[in-house]
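1. Sequence and predicted structure, then a few things I'm wondering about:
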Amino acid sequence: MMTERLYYHDPYLQAFDADVVEATTHEGKTAVVLDRTAFYPTSGGQPFDLGTLAGARVIDVVETDDGRILHVVDRAPAAGRVSGQIDWTRRFDHMQQHTGQHVLSAAFDRLLSARTESFHLGADYSTIDLARELSAAEIARAEDEANRIVWEDRPVAIRFAGPDEIASLPLRKEPTREGTLRLIDVQDFDLSACGGTHVARTGAIGIIAVAATERFRGGSRVTFLCGGRALTGYRALRDAVAGSVRALSVLPAELPAAIERQQADARELRKQIKDFQSKLASQEADALADAATDAGSAKLVAAALPGWDAAGLKTIASRIIERPGHVAVLVSAPPPAAIVVARAADLPHDAGALLRQLVALHGGKGGGRAELAQGGGITSPAPDVLQSARELVTQSPKPKV
Ligand SMILES: [Zn+2]
């Protein structure tokens, strides 16, 4: 049997009594059907109500095709007469957002002939999708108009009308259902067929604030917040701005320019650091190469260079092996260390093979070509790695068999 929808006539009803007429399941969970209910099931872009039924928690409310309303509960309530209680904080929030949507959609329609294609009431914000693209100035005009209607505190009436009367009424949107329709009438501003829950006067919406607009499917998607959500959103913005203003010591309106200045400064500094690093790398490479020691047929530079990253080690190694006969084995320190192995073009040593041997002995990973190889994650202390490097370079290249 059809469930009588108490919220159709009285959306402010928070507690009610009803008879359990059916115990069933929905997607594997316990569900009950009542002869009448104040619980709103998900439909028309508005989410379901939460609350309790004879002490059991209502966790979902679903409308079936044949007009029954399933209350999905965490445990089965006793059969017979039960009392229901709506989570009013959640429901009133939905009523503010939903009524705000009617007013905002009507403002877009009346001022800008921008039709609302769809509406979604989300957990944090709501969206309406408009049939055409709008400029920021147009959005602001509709926002102003919608809030004027809110602040005039106009009545929002619930009316029912049959097919004959419907044909003569100026509905904002062509109704999709037939038969008797439930109409929501925002006095002298909007008349729409809707089965949702709405506040009784526009003043209870509080405020309608557009949070964002984006292009969507050839039209605009408008994200908005009403009433309590607008206040929550304002607080979040206020805290974020206050933190930024403190950090940058500027006025809120100066934030974008201040951030752009800081980014430009950071880019300039990065460039300067790169120039200095390259000069420093050349000097470091020359000093190291001057102190190279004999290791078999090569001049070896084996050194730990704290403070240099992999890129820096590579720059220094490349400069060292510009000198004929030189091999460079450089590690950053401490572990896990980066490592670069390089050898001058005139040597037969294989830097890639050397690196693989060092990695096998001291952990980490890496690879490369015969002239230059690099790796990372070396776990042994630098002196051990460098000692191994000295022994391997002294032995290599191994005589051909
Ligand atoms: Zn509605």
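-> Now that the structure is in, tell me what you want to look at. Numbering: from 1, shown residues only.

2. can you tell me which helix in this structure is longest?
-> Ranked by number of residues, the top helix in the chain under DSSP state H is helix 255-290.

3. From residue 57, how far out is the one residue in the stretch 151-300 of the chain that gets nearest to the ion?
-> At 3.2 Å from the ion, residue 194 is the closest residue in the stretch 151-300 of the chain, using Cβ to the ion. Any C-beta I mention is one placed from the backbone N, CA and C, and that applies to glycine too. Distance of residue 194 to residue 57, given as Cβ to Cβ, to the nearest Å: 28 Å.

4. cool, and residue 387?
-> From residue 387 to residue 57 the distance is 68 Å (Cβ to Cβ).

5. And the next helix or strand past the lowest-mean-pLDDT helix or strand in the chain?
-> Here the helix or strand of the chain ranked lowest by mean pLDDT, DSSP states H and E is helix 163-168, holding a mean of 88. Heading C-terminal from helix 163-168, the first helix or strand you meet, by DSSP states H and E, is strand 181-186.

6. what about that next one, average pLDDT?
-> Strand 181-186 shows a mean pLDDT of 96.

7. before we move on, what about stretch 301-318?
-> Rounded mean pLDDT across stretch 301-318 is 93.

8. end-to-end on that stretch?
-> Chord length of stretch 301-318, first to last residue, is 12 Å (Cα to Cα, to the nearest Å).

9. Identify the residues contacting the residue of the stretch 1-150 of the chain found nearest the ion.
-> Of all residues in the stretch 1-150 of the chain, residue 98 sits closest to the ion, at 5.0 Å by Cβ to the ion. By Cβ atoms under 8 Å, 6 or more residues apart in numbering, the contact set of residue 98 is 45-46, 121, 196-198.

10. tilt between the helix or strand containing it and strand 181-186?
-> Using DSSP H and E, residue 98 maps to helix 88-112. Orientation check (axes from the mean of the first three to the mean of the last three Cα atoms, to 10 degrees): helix 88-112 against strand 181-186 gives 80 degrees.

11. Now the element after helix 88-112, going C-ward?
-> Assigned by DSSP H and E, the successor of helix 88-112 is strand 116-121.

12. Direction included, what does that following strand pair against?
-> strand 126-130 (antiparallel) (DSSP bridges).

13. Send me the strand it pairs with as PDB with only the CA atoms.
-> Output of strand 126-130 as PDB, limited to C-alpha atoms (Å, rounded to 0.1, in the frame of the first residue of the first chain):
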ATOM      1  CA  SER A 126      24.400  22.200  -3.600                       C
ATOM      2  CA  THR A 127      24.500  22.800  -7.300                       C
ATOM      3  CA  ILE A 128      22.100  23.800 -10.100                       C
ATOM      4  CA  ASP A 129      22.900  23.300 -13.700                       C
ATOM      5  CA  LEU A 130      21.700  26.100 -16.000                       C
END
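
14. Which other helices and strands does the helix or strand just after it contact?
-> Remark: after strand 126-130, the chain's next helix or strand is helix 136-151, criterion DSSP H and E. Contact partners of helix 136-151 among helices and strands, from 3 or more Cβ pairs under 8 Å, 6 or more residues apart in numbering; DSSP states H and E: helix 88-112, strand 208-216.

15. Could I get the buried residue list for helix 136-151?
-> 138-139, 141-143, 145-147, 149-150 (16 or more other Cβ atoms under 10 Å).

16. same check, this time on stretch 345-352
-> Buried residues in stretch 345-352 (16+ other Cβ under 10 Å): 347, 349-352.

17. got a list of what the residue nearest to residue 170 when sequence neighbours are not counted touches?
-> Nearest non-adjacent residue to residue 170, counting by Cβ to Cβ, 6 or more residues apart in numbering: residue 191, 6.1 Å away. Residue 191 is in contact with 169-172, 183-185, counting by Cβ under 8 Å, 6+ apart.

18. need the residues you listed in JSON lines with distance to residue 326, can you?
-> Shown next, in JSON lines, are these (distance: Cβ to Cβ, whole Å):
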{"residue": "169", "distance to residue 326": "92"}
{"residue": "170", "distance to residue 326": "89"}
{"residue": "171", "distance to residue 326": "87"}
{"residue": "172", "distance to residue 326": "82"}
{"residue": "183", "distance to residue 326": "89"}
{"residue": "184", "distance to residue 326": "85"}
{"residue": "185", "distance to residue 326": "89"}
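
19. Of all pairs in the residues you listed, which one is the farthest apart?
-> The distance between the two most remote of those (Cβ to Cβ) is 13.6 Å, for 170 and 184.

20. coming back round to it: quick one: mean pLDDT for the longest helix of the chain?
-> 94.

21. quick revisit: can you lay out the buried residues of stretch 345-352 as a markdown table showing distance to the ion, secondary structure and pLDDT?
-> Output for the buried residues of stretch 345-352, formatted as a markdown table (distance: Cβ to the ion, whole Å; DSSP: H, G, I helix; E, B strand; the rest coil; pLDDT from 0 to 100):
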| residue | distance to the ion | secondary structure | pLDDT |
| --- | --- | --- | --- |
| 347 | 81 | coil | 94 |
| 349 | 79 | coil | 94 |
| 350 | 76 | coil | 95 |
| 351 | 72 | helix | 96 |
| 352 | 70 | helix | 95 |
